[in-house]
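Novice: Whatever this is, show me its structure:
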Amino acid sequence: MAGLVCYPSFCKTCGELLENRRDRILCSACLEKIRPHRAPVCPVCGRFFEGEADGHLCGRCSVSPPPFARHRSAGRYEGVLKDALLLLKYRRFRPLGRVLGGMAYEALKADEEFWRGVGLVVPVPLHRKRLRERGFNQSGEIAREISRRTGIPFDPRALKKTKPTPPQTSLEQKERMKNVRDVYAPERRHVLSGRVILLVDDVFTTGSTAGECARVMRREGASEVRVLTVAQA
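Specialist: So this is what the prediction gives:
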């Protein structure tokens, strides 16, 4: 009887051998390098402030508040956290969605006011063409884990993306706002009405995508929309 051949697995960020049985895709040492953001933030849009003693309303929110009530990110879009998000999104390491969702929840769970009254977890949707290409919605995987940990119902079909658009990363701020305008629509209107919605996405940059999704859900009767992202660029 031929012997069983085992092929070693290596961490996709540092290249070290995965020796711990529980390690998948990334090693424990790399995961431990991900640190949640603890500095003050704008209480509405959640933008990180550096070198300031406390959070205050940022200039943008004081002039033109976003359609969502508040946003929080778990960490900065850099280092291992950025690498992990890129592996999930573009190299299709789907199990990282659960890892990152858990990390985001642990980083933000102490903010009781942020979670109070949330009735539904909804991911930012992908267009069906992009969904077929990727095989899954990375924001949906993150949102599913947050729902699992909190017990808040999860609905990946509450919103749909009606038109394919260029990636937001390739556009300037004004182009980003135009790129997402009128491309999201409710798919299951009845689940939004009267509820506080937690909208989940992978990365927050200008807030254009989150703002447009929140605008649509508020129009359909959501009482409030809050936004959670894994990282902020």
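
Novice: For this protein, which segments count as strands?
Specialist: 70-76, 118-123, 159-161, 184-186, 196-204, 224-232 (DSSP state E).

Novice: I'd like to know which of these is closest to Arg92.
Specialist: Of all these, it is strand 196-204 that lies closest to Arg92, at 13.6 Å by CB to CB. Bear in mind the C-beta positions are built from the backbone N, C-alpha and C, glycine included.

Novice: Low-confidence stretches in the protein?
Specialist: Scanning the chain for pLDDT under 70 picks out 1-7, 52-53, 170.

Novice: how about the helices in it?
Specialist: 28-31, 59-63, 79-90, 96-108, 112-115, 128-134, 138-150, 173-180, 208-219 (DSSP state H).

Novice: Now mean neighbour count too, for those, in a markdown table please.
Specialist: As requested, those are arranged in a markdown table below (neighbours: other CB atoms under 10 Å):
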| stretch | mean neighbour count |
| --- | --- |
| helix 28-31 | 16 |
| helix 59-63 | 12 |
| helix 79-90 | 19 |
| helix 96-108 | 21 |
| helix 112-115 | 13 |
| helix 128-134 | 12 |
| helix 138-150 | 22 |
| helix 173-180 | 16 |
| helix 208-219 | 21 |
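
Novice: Those helices into TSV, with extra columns for distance to Gly46?
Specialist: Shown next, in TSV, are the helices of the chain (distance: least, CB to CB, whole Å):
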stretch	distance to Gly46
helix 28-31	23
helix 59-63	10
helix 79-90	16
helix 96-108	10
helix 112-115	9
helix 128-134	26
helix 138-150	16
helix 173-180	17
helix 208-219	10
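
Novice: Of all those, which one is nearest Pro40?
Specialist: Here helix 59-63 is closest among those (CB to CB), at 13.8 Å.

Novice: Could you check how far Arg149 is from Cys61?
Specialist: 29 Å (CB to CB, to the nearest Å).

Novice: no wait, His71
Specialist: Look at His71 and Cys61: by CB to CB, they are 10 Å apart.

Novice: got it, and Thr165?
Specialist: 25 Å.

Novice: same check, this time on Gly97
Specialist: From Gly97 across to Cys61, the span is 30 Å (CB to CB).

Novice: One more: Gly51?
Specialist: The separation that Gly51 has from Cys61, given CB to CB, amounts to 19 Å.

Novice: Please apply the same query to Glu78.
Specialist: The gap separating Glu78 from Cys61 is 24 Å, by CB to CB.

Novice: and what of Pro36?
Specialist: In this view, Pro36 and Cys61 are 22 Å apart by CB to CB.

Novice: Next: Thr206.
Specialist: 13 Å.

Novice: so how far is Ile25 from Gly97?
Specialist: 11 Å.

Novice: How about Arg195?
Specialist: 34 Å.

Novice: what do you get for Ala231?
Specialist: Ala231 is 17 Å from Ile25, by CB to CB.

Novice: Ok, Ile146 next?
Specialist: Counting by CB to CB, the gap from Ile146 to Ile25 is 19 Å.

Novice: for Asp202, same thing?
Specialist: In terms of CB to CB, Asp202 sits 16 Å off from Ile25.

Novice: for Ser73, same thing?
Specialist: Separation of Ser73 from Ile25 (CB to CB) stands at 22 Å.

Novice: pretty sure Ala233 contacts Gly207?
Specialist: No. The criterion here is CB atoms under 8 Å, and Ala233 misses it with Gly207 at 10.7 Å.
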